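Participant: below are the sequence and a predicted model; questions follow.
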Amino acid sequence: MNSKIINSIKQFVIAVLTIVLALAVGAILVRISGNDPAEAYTTLFRGALGSKARISEVLVKMIPLTLMALGMSIAYKAQLWNIGANGQLTIGAILAILPGIYLGLPTVILLPLSLILSVLGGALWCGLAAWLKNCFNANEVITTLMLNYIATYFLAFLVYGPMMDPDGGGFPQSKVLPDAYHLPLFSAQMRIHGGIVVAIIVILMMFFFWRTKLGVKIDLIGQGDKIATYAGVNVKKTVMVAMLISGALCGLAGWNEVYGVQYRLLEGLSSGYGDIATIIALLGGLNPLGIVIASFFFSALLVGGATMQRMTEVPYSVVDIIQGLVIVFVIARTAIHFGWPQKLLRKGKKDA
Amino acid sequence: MLSSIFTVGFLVSLLAGTIRLATPILLPALGQIYTQRAGILNLGVEGTMTIGAVAGFSAAYKTGNLWIGLLSGMFFGMLWSLIMAWLSVTMRANQVIAGIALNILGAGTAVYVYRILFGVQSLPPQVTPFAAVNIPVLSSIPVIGQIFFQHNILVYLSYVMVFVTWFILEKTTFGLKIRAVGEHPRAADSKGISVAGVRYAAVLIGGLYAGAAGAFMSIAYMNLFTESIVSGRGFIAVSVVIFARFMPVRAMWGALLFGFASALQMRLQALGIDMANQLMLMLPYIMTIAALIFASKKAEFPSAYTIPYSRLER
């Protein structure tokens, strides 16, 4: 028990050091661009956490990023490299918005129904990759990547075609959801919305997930198919279940974006959250608490970075560089044998 | 409406566009054939191309020489892929994660460098791109000439590289080593082939091609650099390689297929024809999955695909 706590503390300290190192490189880049690093980071910090409204913005970003990163963590624990989070979010969002726009149901029925549809949509899209893997041994990295594009173009097809808002002035977006369906806001001045309740429930569930039989099975597949088979785990079935849950959480993030933030479908809905979620999942050590902390950091970086770009002359690309560096440092750290699950970062799937 | 599609002029511009638009997919795909054959999946091509695009554009703009631009793109593409080689071969990191990280880092770095070199300008700086080279005699053949023989020099060179790549991989010792390292690194090692050395080389060659393709985008196609200049072509190249089952000539057909889809979409858009363009653009991706099902069944992947090599592990 004690060694476990020490190990978590060690992991946390290393994660913080990684971030500090990336920020230090960022500071040098800010200086080279002819700006004052102290001023830039102060602006970034204030832009992220300087007021209640700013914190609310960070939380708004945190919801989809955390949900997706938790989803990724389930697949990654099983050594399944699902990189299709963007596509799964997109399909979830599309399915979720359909009843909202076309059916006119009462809110109490619509919200749960749309939530279920989004979960099904994401699960279906990811499950497709799992099915291709199980039946045809198709590498999930490539299939989930391809499914991303297919989902993106399908969304574009819908918002340029059959679902385009006739009164939208030709913008590629769907009709707005009726006000009654919008997730409730906590304050009229802020964008933070009821979706956070769902996110918190999911986070709490994830804390218990790894102690359930299913969680252990998924962890076992990650140790290698042979080990899992010896332990009596049905590998194909568990691969399918892990991918279904992984996709379901990404789909749920889509529901959240549609009913809590955008209130409509529009092109580029996923805004590349999937890549950031992947990084968050790994930086968070694939455990729920770590993911929440990492997600908070990245959301603050994104929101504060946007403010920094508006208020100072510092290019936003510095924020991208910091993000990229964090993960490169995390990967490179395995070299010095700190407490990272080495197996995880090292092994690809053998049956790719 | 249909009458404006079935004209010679439309067909010529469509097919010529196909050949031109296939080029920035073909080049990185050829490079990735080396990399993937050696057992490394580099998802960071997209970022490498963006680096190549900014390096090519900056050098061409500052020196006024397009060839220096091309060389610069190739050099920095290679240099950038050195990080991937280090992470995946020396650090034995997960290649998927390393690739994604390098994409984010590459896009950020490219945009940052561009901003430092050129500042914020209301009109983006431009270069005069590589001009079309009309092949004597052949280019004056009606229709055929316009489709095949009125492209810029880089387009021709890229198609020549299909043959060069095939030759190197299939007919030289180096090609044999690459395939050996991808198929059975332990056996290759026991024969005295440096697994790490060959894999480094394979990743660097991939970076060289991707850098060239990035430079193609900025100095032979768009004439300027923008943040989204590569817009997914790196990922498409990765899928073309798998679609092509790691064969250069098939990769050319794959690249032409993607080129055709985007050329058709652009041509139709230019005519103001509202067809379900997006559904058409989806098609190559669906076909890639279909090809993957076929390829995986026949187990044509290198056996050591995405698996880091260590002498210590069995």
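Facilitator: Received, thanks. What you are looking at is a predicted structure, and each value in this text was computed from that prediction instead of being measured. Residues are numbered from 1 along each chain as shown, chains lettered A, B, ... in the order given.

Participant: contacts and neighbour counts: CA atoms only from here.
Facilitator: Noted.

Participant: avg pLDDT for the lengthiest helix in chain B?
Facilitator: Among the segments of chain B that qualify as a helix by DSSP state H, the longest is helix B:8-37. The average pLDDT within helix B:8-37 is 92.

Participant: again, but for stretch B:194-211
Facilitator: 96.

Participant: and that stretch, anywhere near chain A?
Facilitator: No: Stretch B:194-211 lies out of reach of chain A by C-alpha under 8 Å from any C-alpha of the partner chain, never closer than 15.4 Å.

Participant: rewinding a little: the helix or strand just after the longest helix of chain B to helix B:8-37, inter-axis angle?
Facilitator: Moving toward the C-terminus from helix B:8-37, the next helix or strand (DSSP states H and E) is helix B:45-63. Angle between the axes of helix B:45-63 and helix B:8-37 is 110 degrees (criterion: axes from the mean of the first three to the mean of the last three C-alpha atoms, to 10 degrees).

Participant: re the thing from before, okay, buried residues for the longest helix of chain B please.
Facilitator: Residues of helix B:8-37 classed as buried by neighbour count (16 or more other C-alpha atoms under 10 Å in any protein chain shown): B:10-37.

Participant: tell me which other helices or strands it touches.
Facilitator: Packed against helix B:8-37 by the contact rule (3 or more C-alpha pairs under 8 Å, 6 or more residues apart in numbering or on different chains; DSSP states H and E) you find helix B:144-148, helix B:153-171, helix B:173-183, helix B:195-216, helix B:233-243, helix B:248-270.

Participant: with respect to residue A:26, which of those helices lies nearest?
Facilitator: Of all the helices and strands packed on helix B:8-37, helix B:195-216 sits nearest to residue A:26, with 24.8 Å by C-alpha to C-alpha.

Participant: may I see the buried residues of that closest one?
Facilitator: Across helix B:195-216, burial judged by 16+ other C-alpha under 10 Å covers B:195-196, B:198-216.

Participant: and what of stretch A:170-182?
Facilitator: Applying 16+ other C-alpha under 10 Å to stretch A:170-182 flags A:172, A:173, A:174, A:175, A:176, A:177, A:181, A:182 as buried.

Participant: I'd say the first one and residue A:162 touch.
Facilitator: Just to be clear, that refers to residue A:172. No: the pair residue A:172 / residue A:162 is not scored as a contact, 10.8 Å apart, by C-alpha atoms under 8 Å.

Participant: now the residue nearest to the spatial centre of chain A, what's its secondary structure?
Facilitator: Nearest residue to the geometric centre of chain A (C-alpha atoms, centre = their mean): residue A:68, 2.8 Å. Of the three states, residue A:68 takes helix under DSSP: H, G, I helix; E, B strand; the rest coil.

Participant: now swap in residue A:286 and tell me
Facilitator: Under three-state DSSP, residue A:286 comes out as coil.

Participant: roughly how far apart are it and chain B?
Facilitator: From residue A:286 across to chain B, the span is 13 Å (C-alpha to the nearest C-alpha, to the nearest Å).

Participant: leaving out sequence neighbours, find the closest residue to that residue.
Facilitator: Spatially, and ignoring its direct neighbours in sequence, residue A:286 is nearest to residue A:73 (5.0 Å; C-alpha to C-alpha, 6 or more residues apart in numbering or on different chains).

Participant: helix or strand right after the one helix or strand that neighbour maps to?
Facilitator: For residue A:73, the host element (DSSP H and E) is helix A:52-77. Per DSSP H and E, the first helix or strand lying C-terminal to helix A:52-77 is helix A:85-102.

Participant: close to chain B, is that next one?
Facilitator: No: using C-alpha under 8 Å from any C-alpha, we find that helix A:85-102 stays clear of chain B, coming within 12.8 Å at best.

Participant: now the angle from the next helix or strand after that helix to helix A:85-102?
Facilitator: Toward the C-terminus, helix A:85-102 is succeeded by helix A:107-136 as the next helix or strand (DSSP H and E). Taking the same axes, to 10 degrees, one finds that helix A:107-136 is oriented at 140 degrees with respect to helix A:85-102.

Participant: packing partners for helix A:107-136?
Facilitator: Partner elements for helix A:107-136 (3+ C-alpha pairs under 8 Å, 6+ apart): helix A:85-102, helix A:140-160, helix A:235-256, helix B:277-297.

Participant: report the angle between the longest one and helix A:140-160.
Facilitator: The reference is to helix A:235-256. Relative orientation of helix A:235-256 versus helix A:140-160 (the same axes, to 10 degrees): 30 degrees.

Participant: check which residues of helix A:235-256 are buried.
Facilitator: Neighbour-count burial for helix A:235-256, counted by 16+ other C-alpha under 10 Å, picks out A:235-236, A:238-256.

Participant: same check, this time on the shortest one
Facilitator: Of the residues in helix A:85-102, those buried under the neighbour-count criterion (16+ other C-alpha under 10 Å) are A:85-97, A:99-101.

Participant: any low-confidence regions in the stretch 201-350 of chain A?
Facilitator: The model of the stretch 201-350 of chain A has pLDDT under 70 over residues A:334-350.

Participant: helices along that one, start to end?
Facilitator: A:213-222, A:225-230, A:235-256, A:273-283, A:288-311, A:317-333, A:342-346 (DSSP state H, counting those that start in this stretch).

Participant: most tightly packed of the ones you listed?
Facilitator: helix A:235-256 (a mean of 28; mean count of other C-alpha atoms under 10 Å in any protein chain shown).

Participant: which parts of the stretch 151-300 of chain A sit against chain B?
Facilitator: Counting by C-alpha under 8 Å from any C-alpha, the stretch 151-300 of chain A sits next to chain B at A:153, A:154, A:156, A:157, A:161, A:275, A:278, A:279.

Participant: quick one: which of the residues you listed is nearest to residue B:58?
Facilitator: residue A:275 (28.1 Å).

Participant: please name the residues that touch the residue nearest to that closest one when sequence neighbours are not counted.
Facilitator: Distance criterion C-alpha to C-alpha, 6+ apart; nearest residue to residue A:275, sequence neighbours excluded, is residue B:100 at 6.8 Å. Taking C-alpha atoms under 8 Å, 6 or more residues apart in numbering or on different chains, we find residue B:100 in contact with A:275, B:43, B:44.

Participant: make JSON lines from those residues and add distance to residue A:41 to it.
Facilitator: Formatted as JSON lines, the contacts of residue B:100 follow (distance: C-alpha to C-alpha, whole Å):
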{"residue": "A:275", "distance to residue A:41": "24"}
{"residue": "B:43", "distance to residue A:41": "31"}
{"residue": "B:44", "distance to residue A:41": "29"}
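
Participant: residue B:248: which of the residues you listed is nearest?
Facilitator: Taking C-alpha to C-alpha as the measure, residue B:248 sits nearest to residue B:43 out of those, at 18.6 Å.

Participant: list phi and psi for the closest one.
Facilitator: phi -80, psi 0 (degrees, to the nearest 10).

Participant: that one reaches residue B:96, doesn't it?
Facilitator: Yes: under the contact definition of C-alpha under 8 Å, residue B:43 touches residue B:96, with a separation of 6.3 Å.

Participant: those two: which is more packed in?
Facilitator: Per other C-alpha atoms under 10 Å in any protein chain shown, whichever of residue B:43 and residue B:96 has more neighbours is residue B:43, with 26 against 21.

Participant: chain A versus the more buried one, what's the distance?
Facilitator: 10 Å.

Participant: and that residue, what's its pLDDT?
Facilitator: Reported pLDDT for residue B:43: 91.

Participant: got a list of what it touches?
Facilitator: Shown in contact with residue B:43 (C-alpha under 8 Å, 6+ apart): B:95, B:96, B:98, B:99, B:100, B:103, B:234, B:235, B:238.

Participant: spatially nearest residue to residue B:107 (excluding sequence neighbours)?
Facilitator: residue B:47 (5.6 Å).

Participant: for the residue lying closest to residue B:210 once chain neighbours are set aside, list the residues it contacts.
Facilitator: Excluding the flanking residues, the one nearest residue B:210 by C-alpha to C-alpha, 6+ apart is residue B:28, at 4.4 Å. Shown in contact with residue B:28 (C-alpha under 8 Å, 6+ apart): B:45, B:206, B:207, B:209, B:210, B:211, B:213, B:234, B:237.
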